[in-house]
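Enquirer: need coordinates for the following:
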Amino acid sequence: MNRTAELFNNLGEYYAAGFFEDENAPYNARVATAIVRHFEHAPTPEFKGYCGLQGYQALWRLNRYKIVNYDYNCGFSVNRAELNKAVQDMTPFDRTLMERAVNEISFTVMRLVPQRYAIGGNGWIHCVPNYERVLEEGLLGYKKRLDAKPDSDFHRPLKQVMDALIAFFNRCPGLLGRVPNHPAKTFQEALVSIVAIWYLDGCDSLGRLDNVLGKYYHGEPEAYDALREFWTLTDVNTAWHMYLADKPEHHDFTMLCIKAQNGIRRPNTGIRIDENTSDETWQTIFDAWEAHNPTPSLYNDAIYKEMLPQLTDVSPEDLEHYAMGGCTETMFEGRSQVGSIDAGLNLLEIYRNSDSYESFLKSLKYHVKTACEAVVINHQFAAKYNPAIIRTLFVDDCIDKGRDFRDCGARYNGSVINLAGATDTINAIATDRGIKAMFGNDNPEVNAIAHELYDFVFKEITSQRTYGWCLPSVILLTTYAAFGRYIPATAGRTTDGAPLADSSGAYQGTDLKGPTSLINSVLSIPPKCGLGTLIFNLRLNVDMLKTPEKRAIVKSLITTFFKRGGMQIQVTIVDQDTLRKAFEKPEDYPNLMVRIGGFSEYYTRLDRTLQAEILKRTEHCC
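Expert: Residues are numbered from 1 along each chain as shown. Alright, predicted model coming up:
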């Protein structure tokens, strides 16, 4: 063991120590050794509750590291404040070794997308592991496939990690000693296995969980409480997307997934809607919304299945496996590496720096190309210096291709390129042309501007290639305030630095002619080409779900939107008085949830600027 590894080892930082055991080894081997050493030293966790594992990052915090931890997006996270504490009493030589080591780790996780293109992400990678395959094969089935591969520089580190994982779970108590090493046979075994792999991946996204776990559900009376336990874990870990497919054979389980989430912020749940969506499903969704839980968001299944074969290379066999990761980025569960979000553009920034509409379009074309070129450079760097061993194991077809997840080993590879400030730019263009109307009010001239702008930028993005296909999105998370801070006042934004619009809909509080007019404006985009996905926020008055007649109106509004080409809609139903009281006395409303740019959040956890923006949203009646 070299001195750097020894220093980390003495501090109990086994993950970092493993990375520096052999500094001459390839990066994939070094990362693999880091993972192996972590699980060799990890204390055996207790089997708790129904799910087995509990708490924050249950597998990666077992050794209680202070300086270097695992991160699902880039492999490592570094706490320099803890490093400074740890090296205080070291010799100057050892201090130098430690600082150089942490600098090297920081280098491997660098992101090379320039600041102006880091709009919602800069090489960020959400992922859905192939949970279904783990349940069917178990880790021992993965080991069998790996053992059949040559003992190459690529496969050898994977084999070492798989052996370490199997050994770790073998010494775990309860069902963790059986799964995920072996195939799941019962509902609890399947859930325990999924939870274990979810923790192993760093608590990211769950994919089409009702299909995967629903196969093992046979009316178990404990399932509701078990799911609430799991949803609480996703909330504690700020986990990401779960995409419900609501297939007839798993319908009861889908309904249970929705009902069990009431009052719990995460997972970030969405559900496919099609012409066969049952009335029971609609009523279950409405019940959740009426209870002030703004999940699930709704997705137009027909549009995704129409457009994905056109804009990606997905096969007919895998089309059913499309899902969402992260906030709501489109990917294929267990089969894809999708930059989510890889890069983006602040359209209003580009427009404000253009001296004419024609020069704006020319500049927009340039910036799309340059942002995508930056993504390529960033991806090449990550593929070389930032291997993703866990995802290489659990995403098809990395093992068979002999390529790391970050090196396009997955079956499908592509980028989501995000757009901010689109609504604001439409409004600014309309104002510059003397049009006294705002987007979201079904003004024909403004809608025409929206169509022309979106059509242009969507075509520019989808014509690009990074390390795969490119899909446009409008996913503004909580960043729409930050992306407006450096933009002067424009139409709707009455002060310099005001927030941007929070979705592909109207600017907050400027949609004044009802929900149908707002929807007509959004349909002018056209939304189905923004496959990455286009977030559409709609706020409805609480009375809209109080009676069957009003629920029928809301259902008709949404189904009509989808039939006419709408892609996604997320609804917040909280009355203005409640929001205002929560704004004034947040301590009295700790569990009040709202839908933000692609996910749900506790209202009082948002900063004051975002809270005020949500207060501005128009509260629609139908």
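Enquirer: find me whatever residue is spatially closest to residue 3, sequence neighbours aside.
Expert: residue 97 (6.0 Å; CB to CB, 6 or more residues apart in numbering). Heads up, the C-betas are built off the backbone N, CA and C, glycines and all.
Enquirer: now for the one you found: which residues touch it?
Expert: 3-4, 7 (CB atoms under 8 Å, 6 or more residues apart in numbering).
Enquirer: please check these and keep the buried ones.
Expert: 4, 7 (16 or more other CB atoms under 10 Å).
Enquirer: okay, the contacts of residue 97 in JSON lines with distance to residue 47 next?
Expert: Compiled in JSON lines, the contacts of residue 97 are given as follows (distance: CB to CB, whole Å):
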{"residue": "3", "distance to residue 47": "39"}
{"residue": "4", "distance to residue 47": "36"}
{"residue": "7", "distance to residue 47": "34"}
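Enquirer: among the contacts of residue 97, which are in helices?
Expert: Within the contacts of residue 97, residues falling in helices by DSSP state H are 3-4, 7.
Enquirer: surely residue 375 and residue 124 touch.
Expert: No: with contact defined as CB atoms under 8 Å, residue 375 does not reach residue 124; the gap is 11.0 Å.
Enquirer: overlap of the contact sets of the two?
Expert: Contacts common to residue 375 and residue 124, judged by CB under 8 Å, 6+ apart, are 339, 342.
Enquirer: the more surrounded of the two?
Expert: residue 375 (25 against 20; other CB atoms under 10 Å).
Enquirer: the more buried one: which element?
Expert: helix 357-385 (DSSP states H and E).
Enquirer: same for the following helix or strand past that helix, what does it pack against?
Expert: Heading C-terminal from helix 357-385, the first helix or strand you meet, by DSSP H and E, is helix 389-394. Here helix 389-394 touches helix 27-41, helix 131-147, helix 155-170, helix 398-401, going by 3 or more CB pairs under 8 Å, 6 or more residues apart in numbering; DSSP states H and E.
Enquirer: deepest-packed of the ones you listed, please.
Expert: helix 27-41 (a mean of 22; mean count of other CB atoms under 10 Å).
Enquirer: so what does that one touch, helix or strand wise?
Expert: helix 14-19, helix 155-170, helix 389-394.
Enquirer: turn these into a markdown table, including mean pLDDT and distance to residue 505.
Expert: Formatted as a markdown table, the helices and strands packed on helix 27-41 follow (pLDDT from 0 to 100; distance: least, CB to CB, whole Å):
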| stretch | mean pLDDT | distance to residue 505 |
| --- | --- | --- |
| helix 14-19 | 98 | 44 |
| helix 155-170 | 98 | 45 |
| helix 389-394 | 98 | 34 |
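Enquirer: need these in JSON lines (columns: distance to residue 553).
Expert: Converted to JSON lines, the helices and strands packed on helix 27-41 look like this (distance: least, CB to CB, whole Å):
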{"stretch": "helix 14-19", "distance to residue 553": "55"}
{"stretch": "helix 155-170", "distance to residue 553": "52"}
{"stretch": "helix 389-394", "distance to residue 553": "44"}
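Enquirer: where does pLDDT dip in the stretch 1-150 of the chain?
Expert: By pLDDT under 70, the stretch 1-150 of the chain has no low-scoring segment.
Enquirer: now do 80
Expert: 1 (pLDDT under 80).
Enquirer: same question, the chain
Expert: In the chain (pLDDT under 80), the answer is 1, 597-598, 622.
Enquirer: got the domain boundaries for it?
Expert: Domains of the chain are assigned by automatic domain parsing as 3-126, 201-235+242-259+267-616.
Enquirer: what is the end-to-end distance of the first one?
Expert: In terms of CA to CA, to the nearest Å, the two terminal residues of domain 3-126 are separated by 35 Å.
Enquirer: next one: the last one
Expert: This stretch, domain 201-235+242-259+267-616, spans 38 Å end to end (CA to CA).
Enquirer: now that domain, how far from the chain's geometric center?
Expert: Offset of domain 201-235+242-259+267-616 from its chain centre (CA atoms, centre = their mean, to the nearest Å): 10 Å.
Enquirer: do I have it right that residue 326 meets residue 242?
Expert: No: here residue 326 does not reach residue 242: they are 11.6 Å apart, not a contact under CB under 8 Å.
Enquirer: rewinding a little: the helix holding residue 375: which residues count as buried?
Expert: Buried-residue list, helix 357-385, by 16+ other CB under 10 Å: 360-361, 364, 367-368, 371-372, 374-376, 378-379, 381-383, 385.
Enquirer: re the thing from before, joint contacts of residue 326 and residue 242?
Expert: What both residue 326 and residue 242 touch, as defined by CB under 8 Å, 6+ apart, is the set 205, 268.
Enquirer: nearest to residue 163, of the ones in helices among the contacts of residue 97?
Expert: residue 4 (25.0 Å; CB to CB).
Enquirer: gap between that closest one and residue 296?
Expert: Per CB to CB, to the nearest Å, residue 4 is found 48 Å from residue 296.
Enquirer: and if you look at residue 591?
Expert: Counting by CB to CB, the gap between residue 591 and residue 296 amounts to 18 Å.
Enquirer: comparing the two, which residue is more hemmed in?
Expert: A count of neighbours by other CB under 10 Å puts residue 296 above the other of residue 591 and residue 296, at 29 against 12.
Enquirer: verify the stated contact: that one with residue 272.
Expert: No: if you go by CB under 8 Å, residue 296 and residue 272 don't touch, sitting 9.7 Å apart.
Enquirer: overlap in contacts of these two?
Expert: Residues touching both residue 296 and residue 272 (CB under 8 Å, 6+ apart) are residue 244.
Enquirer: which helix or which strand is home to the spatially closest residue to residue 440 that is not a sequence neighbour?
Expert: Of all residues not flanking residue 440 in the chain, residue 506 sits nearest, at 2.5 Å (CB to CB, 6+ apart). Assigned by DSSP H and E, residue 506 falls within no helix or strand.
Enquirer: measure residue 506 to residue 386 for me?
Expert: From residue 506 over to residue 386 the distance is 40 Å, taken as CB to CB.
Enquirer: and what of residue 191?
Expert: For residue 191 relative to residue 386 (CB to CB), the value is 31 Å.
Enquirer: also residue 580?
Expert: Remark: distance between residue 580 and residue 386 (CB to CB) = 46 Å.
Enquirer: looking at those two, which is more packed in?
Expert: residue 386 (26 against 11).
Enquirer: quick one: residues contacting the more buried one.
Expert: With CB under 8 Å, 6+ apart, residue 386 has these contacts: 27, 74-75, 108-109, 406.
Enquirer: quick check, nearest of those residues to residue 440?
Expert: Among the contacts of residue 386, and counting by CB to CB, the member closest to residue 440 is residue 74, at 37.8 Å.
Enquirer: for the residue nearest to residue 3, pull up the helix or strand it's in.
Expert: Assessed by DSSP H and E, residue 97 sits inside helix 92-108.
Enquirer: which residues does stretch 351-358 contact?
Expert: Against stretch 351-358 from outside (CB under 8 Å, 6+ apart): 360, 363, 421, 425, 428-429, 432, 487-488, 490.
Enquirer: got these as TSV, with secondary structure and distance to residue 601 columns?
Expert: TSV is the format used below for the contacts of stretch 351-358 (DSSP: H, G, I helix; E, B strand; the rest coil; distance: CB to CB, whole Å):
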residue	secondary structure	distance to residue 601
360	helix	33
363	helix	34
421	coil	21
425	helix	26
428	helix	28
429	helix	31
432	helix	35
487	coil	24
488	coil	28
490	strand	26
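Enquirer: now, of the residues you listed, which are buried?
Expert: 360, 421, 425, 428-429, 487, 490.
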